[in-house]
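K.L.:
Next input, structure requested:
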Amino acid sequence: MTSSDAAPRRQRKRSTEPAPEVAGNGTGTGTDPGDDLLDVIGVQRRAPFGDTPTVGARGTRTQQRILRAALEVFGEVGYHACRVERITRAAGCSRPSFYQYFSSKEDLFRQLAGEVARELFRIADDMGEITPDEAGWHALRAWLAEYSDLRDRYWPVFAAYAAAEGSDDLVASGSARVGRRQTRALAAKIDPSALRVYDPEVVMYLLSNAVDRASLYRHFLVTADAERAPERERMLDCLAEVLHRSLFGRRGGGMVEHRPSTRVVRDVPRLPGADGARSDGLGPAGAETRTKLLDAAAATFAARGYFDARVDDIVERAGTSHGTFYRYFENKDAVFRAVAARSAGRTFDIIVSIPDLGDEPATSAATRRLRAWVDGYMATWVDEGPIFRLWLQAFGRDEVLARATSRGLEVIWGVLARFLSQREFGDVDVDAFLLIAMLDLGGPGFERLGDQRSDLLLEVIRRGFLGVDARL
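P.N.:
Reported below is the predicted structural model:
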């Protein structure tokens, strides 16, 4: 799917609040732009039409109850499908009470985003110096623990942020400011030797995306089968190891004892299906129509997300009738399963084709083979990644998707364990799980990396997972 296939982005809501003053734009006060962001999205206040401008102790408790209820609802249904009525039911309050504290759902989400931003700034400010030695490893490990705790507490905000950013100018501009401040804060704590390998924005993306994806994938496994998920503290130990080695090469790492793999997969089957389409016995014309519907559904889900996509949208994009749609799919869930199965199958096929580098991953021939695989993977991921991530978000609500996802992840895990099994350091099984997570390239800052994305993935696999120091 190309960018021209995507539906137009929904119109962003324009805030009636004054734009924040940003340092350096000629209107600011010279303070950090992150502070302006907090003024906009994190201030504790009543809506402008409230009786008083302040919130007392009782009001603060009510406001916090609404915020916590909204966090739960965002986690259940996503950003766009979240409605004020559902929040008030979850909070046990009336609509008038809601509007005493928040002018809209968007205003409430900005408050939650402000809480997250404040915690991100605190964690970055408290971060120790990330140096190539043991002290630097422990500083990185402590930061990962705090970041992971924050993500666990506010995971619905992290999950909904892209949707909110796409429809709210204040969230979008605030996100950029938070990212810039985070980049500066992390760069100030990273030893300069790592910044000779990566620029500060790449380091920011590498660290934040790694802990985001690792936490997210572990959450999936805990939901599906808690006994198969890596133990959290062990996972964070191994993540610190991979990231420290990615930043500093063989000087980094060495804090996790070697554990060979117990789950290597040698013969790779195809991904177990989760196709909800009526596809048996289709002739050429029927197969063509079904493919047209799947292409339209994929573009619709990628543009609007799972909850906001409608059968009407899919039919309109495909140029078919509702009757035609229902000859092939029972409902939106069924077409999503078919779209997800197709995208995940393509992603699965490229992942399991990762080359066997043997015991000489540092050779130029091995590097060429790995680069060819990374380039192929990135080309596939650009097209299929958005749908694959929606699958992972939806699988906890769909038993068919849950079973297929669980089996598929298990196979991929074993294939990547085989890929890492020749090395003689670290915990191979946990690192194979982390490699699954880090192949999900879609966190904050991903698009801004541009042509650096393939190089970053290749460098992290070589340095972080294979222990190859030589620069490309």
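
K.L.:
And for the residue nearest to Ile87 when sequence neighbours are not counted, the neighbour number?
P.N.:
The shortest distance from Ile87 to any non-neighbouring residue, by CB to CB, 6 or more residues apart in numbering, is to Ala70 (4.8 Å). Using the backbone N, CA and C atoms, a C-beta is placed for each residue, glycine as well. Neighbour count of Ala70, defined by other CB atoms under 10 Å: 26.

K.L.:
change the start of the numbering to 475 and stick with it
P.N.:
Sure, I'll start numbering at 475, so the last one becomes Ala544.

K.L.:
Buried residues in the helix or strand harbouring Ala544, which are they?
P.N.:
Under the criterion of DSSP states H and E, Ala544 resides in helix 531-551. Neighbour-count burial for helix 531-551, counted by 16 or more other CB atoms under 10 Å, picks out Gly533, Thr536, Gln537, Ile540, Leu541, Ala543, Ala544, Leu545, Val547, Phe548, Val551.

K.L.:
got the contact list for it?
P.N.:
518, 520, 529, 556, 560-562, 564-567, 571-572, 574-576, 579, 582-583, 585-586, 589, 628-631, 633-634, 781 (CB atoms under 8 Å, 6 or more residues apart in numbering).

K.L.:
what about burial for those, which qualify?
P.N.:
Neighbour counting over those (16+ other CB under 10 Å) leaves 520, 529, 556, 560-562, 564-565, 567, 571-572, 574-576, 579, 582-583, 585-586, 589, 628-631, 633-634, 781 as the buried ones.

K.L.:
Filter the residues you listed down to the ones in helices?
P.N.:
Those of the buried ones among the contacts of helix 531-551 mapping onto helices are 560-562, 564-565, 571-572, 574-575, 579, 582-583, 585-586, 589, 629-631, 633-634, 781, per DSSP state H.

K.L.:
show me where pLDDT drops low in the stretch 525-674 of the chain?
P.N.:
Along the stretch 525-674 of the chain, the model assigns pLDDT under 70 to residues 525-530.

K.L.:
hmm, try it at 50
P.N.:
525 (pLDDT under 50).

K.L.:
for the stretch 725-874 of the chain, same thing?
P.N.:
Looking at the stretch 725-874 of the chain by pLDDT under 50, you get 748-751.

K.L.:
buried stuff in stretch 647-658?
P.N.:
Ser647, Gly648, Ser649, Ala650, Arg651, Val652, Gly653, Arg655, Gln656, Thr657.

K.L.:
residue contacts, Ser880?
P.N.:
Going by CB under 8 Å, 6+ apart, Ser880 touches Leu695, Ala698, Asp699.

K.L.:
how far out from the middle of the chain is the helix or strand in which it is found?
P.N.:
Using DSSP H and E, the element containing Ser880 is helix 873-894. Distance of helix 873-894 from its chain centroid, counting by CA atoms, centre = their mean, to the nearest Å, is 18 Å.

K.L.:
send the alpha carbons of that helix over as CSV?
P.N.:
Presented in CSV, the C-alpha positions along helix 873-894 are these (Å, rounded to 0.1, in the frame of the first residue of the first chain):
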residue,chain,number,x,y,z
GLU,A,873,-10.0,-15.4,20.2
VAL,A,874,-9.3,-16.4,16.6
LEU,A,875,-6.6,-13.7,16.2
ALA,A,876,-5.3,-14.5,19.7
ARG,A,877,-4.6,-18.2,18.8
ALA,A,878,-3.0,-17.3,15.4
THR,A,879,-0.9,-14.5,17.0
SER,A,880,0.3,-16.8,19.8
ARG,A,881,1.3,-19.6,17.4
GLY,A,882,2.9,-17.2,15.0
LEU,A,883,5.0,-15.5,17.7
GLU,A,884,6.1,-18.9,19.0
VAL,A,885,7.4,-19.9,15.6
ILE,A,886,9.2,-16.6,15.0
TRP,A,887,10.7,-16.7,18.4
GLY,A,888,12.2,-20.1,17.6
VAL,A,889,13.5,-18.9,14.3
LEU,A,890,15.2,-15.9,15.8
ALA,A,891,16.6,-18.1,18.6
ARG,A,892,18.2,-20.2,15.8
PHE,A,893,19.6,-17.1,14.3
LEU,A,894,21.3,-16.1,17.6
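
K.L.:
would Arg897 count as being in a strand?
P.N.:
No: read with DSSP: H, G, I helix; E, B strand; the rest coil, Arg897 is coil and lies in no strand.

K.L.:
Can you verify my assumption that it contacts Val942?
P.N.:
No: the criterion here is CB atoms under 8 Å, and Arg897 misses it with Val942 at 9.9 Å.

K.L.:
Common neighbours of the two, please.
P.N.:
Taking CB under 8 Å, 6+ apart as the criterion, Arg897 and Val942 both touch Pro835.

K.L.:
More neighbours: which of these two?
P.N.:
In terms of neighbours (other CB under 10 Å), Val942 is the more surrounded of Arg897 and Val942; the figures are 24 against 18.

K.L.:
And stretch 764-778, what's buried?
P.N.:
Using 16+ other CB under 10 Å as the test for burial, stretch 764-778 gives 764, 766-778.

K.L.:
what's the single longest helix in this protein?
P.N.:
Max-length helix for the chain by DSSP H is helix 838-868.

K.L.:
and the angle for it with helix 873-894?
P.N.:
Relative orientation of helix 838-868 and helix 873-894, computed by axes from the mean of the first three to the mean of the last three CA atoms, to 10 degrees: 160 degrees.

K.L.:
Report the buried residues of helix 838-868.
P.N.:
Buried residues in helix 838-868, counted by 16+ other CB under 10 Å: 840-841, 843-845, 847-848, 851-852, 854-855, 857-868.

K.L.:
now stretch 694-709
P.N.:
Result for stretch 694-709 [16+ other CB under 10 Å]: buried residues Phe694, Leu695, Ala698, Ala703, Pro704, Met709.

K.L.:
In helices, which of the residues you listed fall?
P.N.:
Checked against DSSP H, the buried residues of stretch 694-709 include these in helices: Phe694, Leu695, Ala698, Met709.

K.L.:
Can you name the two of the residues you listed that sit furthest apart?
P.N.:
Across those, no pair lies farther apart than Ala698 and Met709, at 15.9 Å, counting by CB to CB.

K.L.:
For the stretch 575-724 of the chain, which segments count as helices?
P.N.:
Assigned by DSSP state H, counting those that start in this stretch, the helices in the stretch 575-724 of the chain fall at 579-600, 608-627, 629-641, 643-663, 666-669, 674-699, 706-722.

K.L.:
and among the ones you listed, the most buried is which?
P.N.:
Most buried of the helices of the stretch 575-724 of the chain, by mean neighbour count (mean count of other CB atoms under 10 Å): helix 706-722, with a mean of 23.

K.L.:
Can you tell me which helices and strands it packs against?
P.N.:
Where contact means 3 or more CB pairs under 8 Å, 6 or more residues apart in numbering; DSSP states H and E, helix 706-722 is packed against helix 608-627, helix 666-669, helix 674-699, helix 902-912.

K.L.:
just how off-centre is it within its chain?
P.N.:
In terms of CA atoms, centre = their mean, the centre of helix 706-722 is found 18 Å from the chain centre.

K.L.:
what about dumping the CA coordinates of it to CSV?
P.N.:
The C-alpha coordinates for helix 706-722 follow below in CSV (Å, rounded to 0.1, in the frame of the first residue of the first chain):
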residue,chain,number,x,y,z
ARG,A,706,9.9,-8.9,33.5
GLU,A,707,13.2,-8.3,35.4
ARG,A,708,15.1,-10.8,33.3
MET,A,709,13.7,-9.1,30.2
LEU,A,710,14.9,-5.7,31.3
ASP,A,711,18.3,-7.1,32.2
CYS,A,712,18.7,-8.5,28.7
LEU,A,713,17.3,-5.3,27.1
ALA,A,714,19.9,-3.3,29.0
GLU,A,715,22.5,-5.7,27.7
VAL,A,716,21.4,-5.4,24.1
LEU,A,717,21.1,-1.6,24.2
HIS,A,718,24.4,-1.1,26.0
ARG,A,719,26.2,-3.3,23.5
SER,A,720,24.4,-1.5,20.6
LEU,A,721,25.7,1.8,21.9
PHE,A,722,29.3,0.8,22.8
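
K.L.:
Having no further points to raise, I will conclude here.
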